[in-house]
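Asks: Any chance you could fold what I've pasted below:
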Amino acid sequence: MVNRFKTWLVLVGVIVVILAIVGIAVSCDSFSPSEALNFTLPTLAGGNVTLSELEGTPVVVNFWSISCSGCRKQLPYLENVAKQSGEGVKVIAINVVDSAARVRHFFGDYEPAMIVALDTDGVVFVNYCQEYRNPGKRVPFTLLIDSQGMVQHRRIGPFSSEAELWNTLKKVLGITIP
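Replies: Residues are numbered from 1 along each chain as shown. This is a model prediction of the structure:
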């Protein structure tokens, strides 16, 4: 009787530990919508962009740097979303780390349809990393924000293709190629 009770107690303890580990793993992977942190940043085109002023329109916020090959690969996907969606989606590509002069040189004479913002001191990037669970501060770091200003999706790392980006926009925000 005592041995059976001890065995039962150990079994219950093991089950509790397993459930705790599974619960932690699931909570680390899950993402709950939350209000987007507001920011105002200077843009490559001149002037500023303020996230809250775009409420009413879905927004793709992407943090990137010139030295990141995945970022450079993904920029054309973001640019095509900005071009093809017109006013249906705003794309803000926020450069972190690089100087304004270096970003201007990177784009050359090309004038992007997406909004290219400059977070040269990295404050907005760090705040977003803390708020939306990017502890390694990796780029590219992309957030999909609905028209009510709620972050509905986050992605650390590049989209593998433009089709994957469009599919994610459709699934998360209901946006399709016009």
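
Asks: how about the nearest residue to Thr57, chain neighbours excluded?
Replies: Lys90 (5.4 Å; CB to CB, 6 or more residues apart in numbering). Any C-beta I mention is one placed from the backbone N, CA and C, and that applies to glycine too.

Asks: how close does that neighbour sit to Val81?
Replies: Separation of Lys90 from Val81 (CB to CB, to the nearest Å): 10 Å.

Asks: Pull up the overlap in contacts between these two.
Replies: Shared contacts of Lys90 and Val81, defined by CB atoms under 8 Å, 6 or more residues apart in numbering, comprise Val60.

Asks: Next one: the residue lying closest to Ser85 once chain neighbours are set aside from Asn80, what distance?
Replies: Nearest residue to Ser85 in three dimensions, chain neighbours excluded: Pro178, at 6.3 Å (CB to CB, 6+ apart). Look at Pro178 and Asn80: by CB to CB, they are 12 Å apart.

Asks: Who has more neighbours out of these two?
Replies: Asn80 (17 against 8; other CB atoms under 10 Å).

Asks: Tell me how many other residues surround the closest residue to the more buried one other than its chain neighbours.
Replies: Once flanking residues are discounted, Asn80 sits nearest to Glu162: 5.8 Å by CB to CB, 6+ apart. Neighbours of Glu162 under the rule other CB under 10 Å: 17.

Asks: Need the phi and psi values for Glu162.
Replies: phi -60, psi -40 (degrees, to the nearest 10).

Asks: And the one 3 residues further on, by the same measure?
Replies: Leu165 has phi and psi values of phi -60, psi -50 when expressed as degrees, to the nearest 10.

Asks: what does Ser34 give?
Replies: phi -150, psi 160.

Asks: excluding its backbone neighbours, what's nearest it?
Replies: Val151 (5.6 Å).

Asks: where's that neighbour, which helix or strand?
Replies: strand 150-156 (DSSP states H and E).

Asks: which other helices and strands contact that strand?
Replies: strand 34-35, strand 141-145, helix 162-173 (3 or more CB pairs under 8 Å, 6 or more residues apart in numbering; DSSP states H and E).
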